[in-house]
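>>> turn this into a structure:
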Amino acid sequence: MKLHELSDNEGATKKRMRVGRGPGSGKGKTAGRGIKGQKSRSGVAINGYEGGQMPLYMRLPKRGFNKPNRKKYAVVNLGLIQKFIDAKKLDAKGEINEDTLVEAGLVRRKLDGVRVLAKGELTSKLTLNVTGASKSAVETVEKAGGKLTTAAAAE
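Predicted coordinates for the structure are as follows:
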């Protein structure tokens, strides 16, 4: 058996219909699009249009609410802070605040503040001062012998 002798089972493949290739093809002239009208022309996408009937996406009820003045926080995990301390990009002895996190490149921008989450291991003794933190993050820092103060607690 050679490569050129290989073939698929009979009826397993079907040649695609080439439209607009003469009357003998059965799909010549208008290529199965009918005569005139919007859908016979190219560049038409009438998705979601139901012939003037109210479309389904408009008939369904609206749900939820997007708060216009919501706060967006930059999120940092304790594991990442530890990684930056190990790489000597952050100093564990001094106070670590939002500005030092930005300078170290751990946070791109502060947005409405920085929030610390407890993902990852923390071994260094830290003094952190940020806008917000999860309860588990506060516990983890205190377990390592450090201190985490938040702006929410200060207010």
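>>> now do the strands in the protein.
With strands called from DSSP state E, the chain shows them at 74-77, 95-97, 114-117, 127-130, 132-133, 147-150.
>>> make a markdown table from the ones you listed and add distance to residue 25, mean neighbour count and mean pLDDT to it.
The C-beta positions use only the backbone N, C-alpha and C, and glycine is treated the same way. As requested, the strands of the chain are arranged in a markdown table below (distance: least, C-beta to C-beta, whole Å; neighbours: other C-beta atoms under 10 Å; pLDDT from 0 to 100):
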| stretch | distance to residue 25 | mean neighbour count | mean pLDDT |
| --- | --- | --- | --- |
| strand 74-77 | 60 | 18 | 90 |
| strand 95-97 | 73 | 18 | 86 |
| strand 114-117 | 63 | 22 | 90 |
| strand 127-130 | 70 | 20 | 87 |
| strand 132-133 | 68 | 22 | 89 |
| strand 147-150 | 73 | 17 | 86 |
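>>> so which of these gets nearest residue 19?
For those, distance to residue 19 was read as C-beta to C-beta. The smallest value, 53.2 Å, belongs to strand 74-77.
>>> can you list contacts of that closest one?
With C-beta atoms under 8 Å, 6 or more residues apart in numbering as the test, strand 74-77 has contacts from 101, 106-111, 113-120, 130.
>>> shaky segments in the chain?
152-155 (pLDDT under 70).
>>> possible to save the strands of the chain as a markdown table with distance to residue 48?
As requested, the strands of the chain are arranged in a markdown table below (distance: least, C-beta to C-beta, whole Å):
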| stretch | distance to residue 48 |
| --- | --- |
| strand 74-77 | 36 |
| strand 95-97 | 50 |
| strand 114-117 | 39 |
| strand 127-130 | 45 |
| strand 132-133 | 41 |
| strand 147-150 | 46 |
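>>> residue 22 is nearest to which of those strands?
If you check each of these against residue 22 by C-beta to C-beta, strand 74-77 wins as the nearest, at 63.0 Å.
>>> name every strand pairing with the closest one and say which way it goes.
Using DSSP bridges, the neighbouring strands of strand 74-77 in the sheet come out as strand 114-117 (parallel).
>>> would you mind measuring from residue 35 to residue 27?
Relative to residue 27, residue 35 is positioned 14 Å away (criterion: C-beta to C-beta, to the nearest Å).
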